[in-house]
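Participant: My questions concern the predicted model and sequence given below.
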Protein chains: 2
Amino acid sequence: MRVLVIEDFEVLAQSIATGLRREGMAVDVALDGNAALDHLDLTEYDVVVLDRDLPGVSGDEICRRVAASRAFCRVLMLTAAGTISDRVAGLELGADDYLPKPFDFTEFVARVRALGRRSGPALPPILVSGDLRVDPGRHSATRAGRRLELSPKEFAVLEYLLGREGRPVSAEELLERVWDEAADPFTTTVKTTIRRLRAKLGEPAVICTVREAGYRIGPT
Amino acid sequence: MRVLVIEDFEVLAQSIATGLRREGMAVDVALDGNAALDHLDLTEYDVVVLDRDLPGVSGDEICRRVAASRAFCRVLMLTAAGTISDRVAGLELGADDYLPKPFDFTEFVARVRALGRRSGPALPPILVSGDLRVDPGRHSATRAGRRLELSPKEFAVLEYLLGREGRPVSAEELLERVWDEAADPFTTTVKTTIRRLRAKLGEPAVICTVREAGYRIGPT
DNA sequence: CCGTGGTTGACACCTCGCTGACACCTCGAG
DNA sequence: CTCGAGGTGTCAGCGAGGTGTCAACCACGG
């Protein structure tokens, strides 16, 4: 899942980003409104985490633009103000959810995840295919009941593939959705990660290759 | 927008329904879990408003079922419990949003509307001709239900022919459209690929030859 | 401050199935 | 019968994708 964090207080921005990355998300950070708009022009995000109190281009303005243009992008608005009228104002602006600061990080992650599920066709919170089970919330994956010890990247790739069950996913798409920022197009990291995932998943093979098209999990 | 309200306390259920109808939504009400499941079987809802504390089939159970089966239906969960762990639990179950009771009706409406605002992604068309089925999105092709194992070029040619169903497609056109870059005009690769495709497609023949004009799939 | 273990990504090499060329065959039109 | 468009059999090269290994990096604890 690809997330853009728009927050001018850099320490907070980075700590949010790190926390989300640990959950296996691809996170970009924008420290002001203009940087945010640049990012939004370049990349398709699933979720935008937006500080409403922003210098330069205001949070409200960004929110309106995202809501107006990006059909598949959801906005989680953060703000110091916590009154009901503020919350409604945020939602009416086009935000999809609203969290007053200070917030609990666990709840924050749960909300980002819920929004990410909403960004495309709805996905169940626990992904299952055959004897494979992935629970993004708990950060746990099991194969035939046996727990798999996956690194964040491996987990994120598995989660993404499972979310597209039945369809092949190209290496480019994986790079775009699972890795942060623009990666060099000749990287071999996807190949490598897939290999390590396959090794950990064991037999029989779950991830199959569709030549020229990508990797696929599950039935056709 | 079509909404199902699942709430056992009838007075509350009706007042919610009335309020949402005033906002121009089509609202059905279910007073218990079984009624809810009946409704869900019969109708496609955009949003389900779900009381977590439900007699009979529990709210959690309903939530899970909706999340698992309904691709385009979003769940707003209402609950008396307001602790963070409860809220996270709701979201992890597959709810898309969460509102603790008592809630402000304006905010409630804003959230329902935010949930309903989503564009169904235009599904890539599935190409069909007779008993032949090609799904470009899944990169899968079947004949009479039997899966065809096609190479990338074979798949691309089949897809292109099917997109021009009924019209003959010349070898030159195929070269132009399926093989990138200008190939040498005397190549025999189209011929060869068509042959292999025919072999894999089996009997009765699907691709017929129109002399001097090219290859055709489907009725004239 | 430095070592340690785990994660990540690069590079070199290998493998195998796809691709496309070539030679030859078939068949219908004139 | 002749001719040429189109079909078939076969084989070599090539490149997408898999694998082994190593170095950079980072979070952590001493």
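Facilitator: Received it, and whenever you're ready, just let me know what you need.
Participant: contacting residues around residue A:105?
Facilitator: Contact analysis of residue A:105 by CB atoms under 8 Å, 6 or more residues apart in numbering or on different chains lists residue A:19. For the C-beta atoms, the positions are set from N, CA and C on the backbone; glycine is no exception.
Participant: rerun that using 10 Å as the cut-off
Facilitator: Residues in contact with residue A:105 (CB atoms under 10 Å, 6 or more residues apart in numbering or on different chains) are A:15, A:16, A:19, A:20.
Participant: what about the third one, distance to DNA strand D?
Facilitator: Okay, so that is residue A:19. Applying CB to the nearest atom of the strand, to the nearest Å, the value for residue A:19 to DNA strand D is 11 Å.
Participant: circling back to that earlier point, now the contacts of residue A:105 in a markdown table, please, with extra columns for secondary structure.
Facilitator: Below are the contacts of residue A:105 laid out as a markdown table (DSSP: H, G, I helix; E, B strand; the rest coil):
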| residue | secondary structure |
| --- | --- |
| A:15 | helix |
| A:16 | helix |
| A:19 | helix |
| A:20 | helix |
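Participant: Pipe these into a markdown table and attach distance to chain B per row.
Facilitator: Output for the contacts of residue A:105, formatted as a markdown table (distance: CB to the nearest CB, whole Å):
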| residue | distance to chain B |
| --- | --- |
| A:15 | 19 |
| A:16 | 17 |
| A:19 | 15 |
| A:20 | 15 |
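Participant: which of the residues you listed are close to DNA strand C?
Facilitator: Taking CB under 7 Å from any atom of the strand as the test, DNA strand C is in contact with none of those.
Participant: In ChimeraX, select just the buried ones from these.
Facilitator: Here is the ChimeraX command that selects only those of these that count as buried (16 or more other CB atoms under 10 Å in any protein chain shown):
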select /A:16,19,20
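Participant: got a pLDDT number for the closest residue to residue A:129 other than its chain neighbours?
Facilitator: Closest residue to residue A:129 apart from its sequence neighbours, by CB to CB, 6 or more residues apart in numbering or on different chains: residue A:218 at 4.4 Å. The pLDDT attached to residue A:218 in the predicted structure is 84.
Participant: Over to residue A:67?
Facilitator: The model reports residue A:67 with a pLDDT of 78.
Participant: what's the closest non-adjacent residue to it?
Facilitator: Closest residue to residue A:67 apart from its sequence neighbours, by CB to CB, 6+ apart: residue A:94 at 2.4 Å.
Participant: residues touching that neighbour, list them.
Facilitator: A:60, A:62-68, A:70, A:74-75, A:77, B:114, B:117.
Participant: Would you mind putting those into JSON lines with distance to residue A:47 alongside?
Facilitator: Shown next, in JSON lines, are these (distance: CB to CB, whole Å):
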{"residue": "A:60", "distance to residue A:47": "18"}
{"residue": "A:62", "distance to residue A:47": "14"}
{"residue": "A:63", "distance to residue A:47": "13"}
{"residue": "A:64", "distance to residue A:47": "17"}
{"residue": "A:65", "distance to residue A:47": "15"}
{"residue": "A:66", "distance to residue A:47": "10"}
{"residue": "A:67", "distance to residue A:47": "13"}
{"residue": "A:68", "distance to residue A:47": "17"}
{"residue": "A:70", "distance to residue A:47": "11"}
{"residue": "A:74", "distance to residue A:47": "5"}
{"residue": "A:75", "distance to residue A:47": "8"}
{"residue": "A:77", "distance to residue A:47": "11"}
{"residue": "B:114", "distance to residue A:47": "14"}
{"residue": "B:117", "distance to residue A:47": "15"}
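Participant: Out of those residues, the closest to residue A:42 would be?
Facilitator: Closest approach to residue A:42 among these (CB to CB): residue A:70, at 12.5 Å.
Participant: ok so, going back, just the buried ones among the contacts of residue A:94, please.
Facilitator: Buried members of these, counted by 16+ other CB under 10 Å: A:60, A:62, A:63, A:65, A:66, A:67, A:70, A:74, A:75, A:77, B:114, B:117.
Participant: Can you point out the buried residues in stretch A:100-111?
Facilitator: By neighbour count on 16+ other CB under 10 Å, the buried set for stretch A:100-111 is A:107, A:108, A:109, A:110, A:111.
Participant: how far out from the middle of the chain is that stretch?
Facilitator: 15 Å (CA atoms, centre = their mean, to the nearest Å).
Participant: How about the closest residue to DNA strand C within chain A, nearest residue that isn't a chain neighbour?
Facilitator: Nearest residue of chain A to DNA strand C (CB to the nearest atom of the strand) works out as residue A:151 at 2.9 Å. Distances taken as CB to CB, 6+ apart put residue A:196 closest to residue A:151, at 7.8 Å, once the chain neighbours are dropped.
Participant: State the phi and psi torsions of the one you found.
Facilitator: Dihedral pair for residue A:196: phi -70, psi -40, per degrees, to the nearest 10.
Participant: That one: what's it in contact with?
Facilitator: A:150, A:151, A:153, A:154, A:157.
Participant: Next: residue A:142.
Facilitator: The contact partners of residue A:142, taken as CB under 10 Å, 6+ apart, are A:128, A:131, A:132, A:133, A:134, A:135, A:148.
Participant: Tell me the one among these nearest to residue B:170.
Facilitator: Using CB to CB, residue A:132 is the member of those that lies nearest residue B:170, at 46.1 Å.
Participant: Show me the helices in chain A, by range?
Facilitator: When assigned using DSSP state H, the helices of chain A occupy the ranges A:10-22, A:33-42, A:59-69, A:84-93, A:105-119, A:152-163, A:171-178, A:189-201.
Participant: that older thread, where does the residue nearest to residue A:129 fall, phi/psi-wise?
Facilitator: In terms of degrees, to the nearest 10, the main-chain angles of residue A:218 are phi 90, psi -180.
Participant: hang on, isn't it packed against residue A:131?
Facilitator: No - shown here, residue A:218 and residue A:131 do not form a contact pair, counting by CB atoms under 10 Å, at 11.7 Å.
Participant: got any residues that touch both of the two?
Facilitator: Residues touching both residue A:218 and residue A:131 comprise residue A:206, with contact defined as CB under 10 Å, 6+ apart.
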